[in-house]
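Participant: Generate coordinates for the sequence data below:
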Amino acid sequence: MFLDARAPDQPAKYSRSEVKKMIHDAKTSEDLSRLANYFDYQALEFQQKAEEQTKELQRLLALSYHARSYPTQVERTRDLLSRYRAKAHESSVRADAYRQRITAKDQRK
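Facilitator: Got it, this is the predicted structure:
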């Protein structure tokens, strides 16, 4: 489904509370690696959603006939596109931060 060497093929699904607990309890390199992989996968999911919204926006803009709700649809699609891109970037930054913590931890050994 996704082509990224760092993200697992089928990552585990965690609830929001489980992720918070994982973040709070992360001490070992394995814990940090698990969090980095989780956020990599989140970034990939948000990038995929952003691509879907880009296609939807292109479809809407290509329509020759515009329904009454057209401006609302376009605005909503642009808003979702912006949000998904921001979330993808945020998740990538978090994954990179966890990877940096892993290398810092390994260098101290």
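
Participant: Show me how far the longest helix that the chain contains is from its chain's centre.
Facilitator: Ranked by number of residues, the top helix in the chain under DSSP state H is helix 70-108. In terms of CA atoms, centre = their mean, to the nearest Å, the centre of helix 70-108 is set 5 Å apart from its chain centre.

Participant: Quick check: mean pLDDT of it?
Facilitator: For helix 70-108, mean pLDDT is 94.

Participant: Just want the most central residue of the chain.
Facilitator: Ala43 (2.2 Å; CA atoms, centre = their mean).

Participant: How far does whichever strand or helix holds that residue sit from its chain's centre?
Facilitator: Following DSSP states H and E, one finds Ala43 within helix 29-62. How far helix 29-62 lies from its chain's middle: 4 Å, per CA atoms, centre = their mean.

Participant: got the buried residues for that helix?
Facilitator: Residues of helix 29-62 classed as buried: 31-47, 49-50, 53, 56-57, 60 (neighbour count, 16 or more other CB atoms under 10 Å). To be clear about C-beta, it is placed using only N, CA and C from the backbone, and glycine gets the same treatment.

Participant: ditto for stretch 70-87
Facilitator: Val74, Thr77, Leu80, Leu81, Tyr84, Arg85, Lys87.

Participant: Including distance to Asp96, could these go into CSV?
Facilitator: Formatted as CSV, these follow (distance: CB to CB, whole Å):
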residue, distance to Asp96
Val74, 33
Thr77, 29
Leu80, 25
Leu81, 23
Tyr84, 19
Arg85, 17
Lys87, 15
